[in-house]
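J.: Curious how this folds, go ahead:
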Amino acid sequence: MARKHSFRFVALALALVVSAAGVFAFRGAGRWLVREDALAPADAIVVLSGSMPARAEEAGRIFRLGYAHEVWVSRPAAPGEELEAMGIDYLGEEDFNRAVLIHEGVPEADVSIFPQPIVNTEQEIEEITSQMRHEQKTSVMIVTSPQHTRRVRTLWRKLAGNDLRLIVRGAPQDPFDADRWWRNTRDMFAVVREILGLLNAWTGLPVQPHSH
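T.: Numbers count the residues shown, from 1 in each chain. Okay, the predicted model is just below:
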């Protein structure tokens with residue numbers, strides 16, 4: 001009987017430890033996703049699509065500090081051609097990001113928009129590395145949302161090779177709450193999306209974008 005009670009006690013203790021670890025991991029998931037570098041000089045700053053205008057604002061601030069002398073802007077896939085065929089003027093996210101950068105003090109001549117539209121972060125990194133090699137640049141600073149920094153770094157290691165240097169920065173203007181991410185649906189969806197994206201990267205990118 002004593003042995004049976006001892007076994008139950010050990011099982012209960014293990015269950016409590018596992019539960020506590022699960023709660024700790026759950027609460028810490030938002031903070032774990034944030035993986036950024038210290039500021040350092042780079043050949044160019046890149047504004048990834050999404051979370052407008054926070055990412056462009058931060059890129060403009062970093063530019064003013066003198067860490068790079070040009071800013072590249074990602075062009076997300078959008079229904080521009082379809083709307084143009086209807087005679088409807090369309091401004092994409094990239095145009096607004098460029099306007100934000102200019103507002104933040106970046107000279108218009110120092111802002112360039114990638115020519116190819118992208119669907120996801122993998123394509124953005126491929127576009128960035130292609131541009132770097134074309135212009136013979138060796139380092140770039142990517143500005144994104146804090147919760148996106150770990151996935152950007154993971155994808156860079158997988159897709160960019162060892163000859164190109166990455167500095168990744170999270171925009172503090174982004175409203176993501178890393179310590180209480182479960183308290184609103186926006187942050188919850190962001191954490192789930194990032195974890196699923198990391199799982200896709202770790203398993204060799206089996207899930208591909210829906211279009212190119």
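J.: show me where the protein has helices.
T.: Remark: helices assigned in the chain by DSSP state H are 2-33, 54-64, 80-85, 93-103, 121-134, 149-159, 185-202.
J.: What's the mean pLDDT across the first one?
T.: Same thing as helix 2-33. Per-residue pLDDT over helix 2-33 has a mean of 59.
J.: coming back round to it: could you say which of the helices of the chain is packed most deeply?
T.: Mean neighbours per residue, mean count of other Cβ atoms under 10 Å, is largest over these for helix 54-64, with a mean of 23. All C-beta atoms are positioned from the backbone trio N, CA, C, and that covers glycine.
J.: isn't Q123 right up against P209?
T.: Yes - using Cβ atoms under 8 Å, Q123 makes contact with P209 at a distance of 6.6 Å.
J.: Determine which residue lies closest to the centroid of this structure.
T.: Centroid check for the chain by Cα atoms, centre = their mean gives H148 as the closest residue, at 3.2 Å.
J.: Quick check: that one touching A178?
T.: No - using Cβ under 8 Å, H148 is not in contact with A178; the gap is 11.7 Å.
J.: what is in contact with the two at once?
T.: Common neighbours of H148 and A178, using Cβ atoms under 8 Å, 6 or more residues apart in numbering, are L33.
J.: Turn the helices of the chain into CSV, columns for distance to P115.
T.: Below are the helices of the chain laid out as CSV (distance: least, Cβ to Cβ, whole Å):
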stretch, distance to P115
helix 2-33, 30
helix 54-64, 19
helix 80-85, 13
helix 93-103, 10
helix 121-134, 9
helix 149-159, 19
helix 185-202, 25
